[in-house]
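**Student:** sequence below, structure please.
(2 chains)
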Amino acid sequence: MRYIEPHAHMVSRTTDDYLAMVTAGCKAVCEPAFWAGFDRSSANGFYDYFCQLTEYEPARAAKFGLPHFSWLCINPKEAEDLKLADEVIALIPEFLPKKNVLGIGEIGLNKNSRNEMTILEKHVNLAAENDQLILVHTPHLEDKRKGTQLIVDLIKSDSRIDPGKVLIDHLEEHTAKIVMDAGFWGGLTLYPESKCTSPRAIDILETYGADRLWMNSACDWGVSVPLAVPYAAQEMRRRGYDDDAIDQVFYRNPVRFLSQCPNFNIE
Amino acid sequence: MKPNNQQNTVDLYFMDARAKLIDIAAFMDRVERDGFAEDFRYKAFKDALSALESENRTQEVLLSFSDPTEELIPAATTKAACGAWPDKPQ
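**Tutor:** Next up, the predicted model:
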């Protein structure tokens, strides 16, 4: 099979993971900026991180023949400090011309606070002003329903944003309808303990259709599985789906969304 | 979206679901045996079990654990989520 890994934090993974992904049929990996597991002490830490995402990590992936793309932002977990967040957002335009940058992400909310919303608005504005795709992180667990609704309401209220150029990630059964009905793309994240298992992700596909959904591993420094995407494809096979349906979900869908950014070229 | 070669769903998932159900039973026995039945997360867990009687079980279980409010909070005082809304009336 061939597949795209549309959401993976490869800076936290080993070269063994790159080798396993390529061996399983991965044709491109996309890496959103995220929380490192600790708060960075200054905007300089983000500058270095953005260099890592746009220069070093693509070179590391290229050693395995894997095209690497990235999204840029300050994540909502570090948005409570407005001064720091403003300094980081001011850095982003310098990196947007880099050839592997897909857009602004993964932005969103974490605990649904006022400052998180302020920084989300600034990211959306940055994307609108620079005609960028948007990748959105929705909150965890008990905060997800409320945060997803707040995010959808905010982005829908900005007439400059085409919902077809926004993917809202980490959907579950109680948030998928909110996102799908609003015309956005949706992401299903395959985690062992939270978010979605493969069978549940396929249930959501069967409920809402496969037109605007993709699956990702969101593998990072926590409990996560870099091969979760091809494992989900295997689960679809077990349910009786043919190769064409699997190719649509795991390759053609992400290619269709990501190709709205001219930098996404894997030919 | 449906598979063109539909399989028997019970054949595919019964043993896995059976094992998980027994794990849930064992978890509840363990929590109560060890004296943690008053933990708000465990109370929320028991409350969510009633959602299994609903029509949209998965969605209703998730909503049972969710913050039902609509307003932004003044400030985030933690980064982590715990899996159950702490302010849910018991």
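**Student:** could you use CA atoms for every contact and neighbour count after this?
**Tutor:** Will do.
**Student:** what's the longest helix in the chain?
**Tutor:** Assuming you mean chain A. helix A:114-129 (DSSP state H).
**Student:** that's the other chain; I wanted chain B
**Tutor:** Assigned via DSSP H, chain B shows its longest helix as helix B:9-33.
**Student:** what about the following helix or strand past that helix, average pLDDT?
**Tutor:** Under the assignment DSSP states H and E, the closest C-terminal helix or strand after helix B:9-33 is helix B:40-49. Within the predicted structure, the mean pLDDT of helix B:40-49 is 97.
**Student:** what's the answer for stretch A:206-216, then?
**Tutor:** Mean per-residue pLDDT for stretch A:206-216: 98.
**Student:** sorry, back to before: packing partners for the longest helix of chain A?
**Tutor:** On a contact count with 3 or more CA pairs under 8 Å, 6 or more residues apart in numbering or on different chains; DSSP states H and E, helix A:114-129 meets helix A:82-95, strand A:101-108, strand A:133-137.
**Student:** which residues of chain B lie near chain A?
**Tutor:** Contact residues, chain B versus chain A (CA under 8 Å from any CA of the partner chain): B:1-7, B:9, B:12, B:58-60, B:62-63, B:65-70, B:72-76, B:78-79, B:81-85.
**Student:** and the buried ones among those residues, selectable in ChimeraX?
**Tutor:** Buried residues within those, by 16 or more other CA atoms under 10 Å in any protein chain shown, are selected in ChimeraX with:
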select /B:58,59,60,62,63,65,66,67,72,76,83,84,85
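**Student:** so stretch A:180-194, near chain B or not?
**Tutor:** No. Stretch A:180-194 lies apart from chain B when judged by CA under 8 Å from any CA; the minimum separation is 9.2 Å.
**Student:** distance between the ends of that stretch?
**Tutor:** 21 Å (CA to CA, to the nearest Å).
**Student:** buried deepest among the helices and strands packed on helix A:114-129, which one?
**Tutor:** Greatest average neighbour count among these goes to strand A:101-108 (a mean of 28), per mean count of other CA atoms under 10 Å in any protein chain shown.
**Student:** partners of it, with directions?
**Tutor:** If you go by DSSP bridges, strand A:101-108 pairs up with strand A:68-72 (parallel), strand A:133-137 (parallel).
**Student:** so which of these comes closest to A:Y251?
**Tutor:** Smallest distance to A:Y251 across these (CA to CA): 15.2 Å, for strand A:68-72.
**Student:** thinking again about what came up before, make TSV from the helices and strands packed on helix A:114-129 and add distance to A:A176 and mean pLDDT to it.
**Tutor:** Converted to TSV, those look like this (distance: least, CA to CA, whole Å; pLDDT from 0 to 100):
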stretch	distance to A:A176	mean pLDDT
helix A:82-95	29	98
strand A:101-108	16	98
strand A:133-137	13	98
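**Student:** and the ones you listed as TSV, adding distance to A:P230?
**Tutor:** Compiled in TSV, the helices and strands packed on helix A:114-129 are given as follows (distance: least, CA to CA, whole Å):
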stretch	distance to A:P230
helix A:82-95	31
strand A:101-108	22
strand A:133-137	22
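**Student:** so what touches the longest helix of chain B?
**Tutor:** For helix B:9-33, the external contacting residues (CA atoms under 8 Å, 6 or more residues apart in numbering or on different chains) are A:R239, B:A37.
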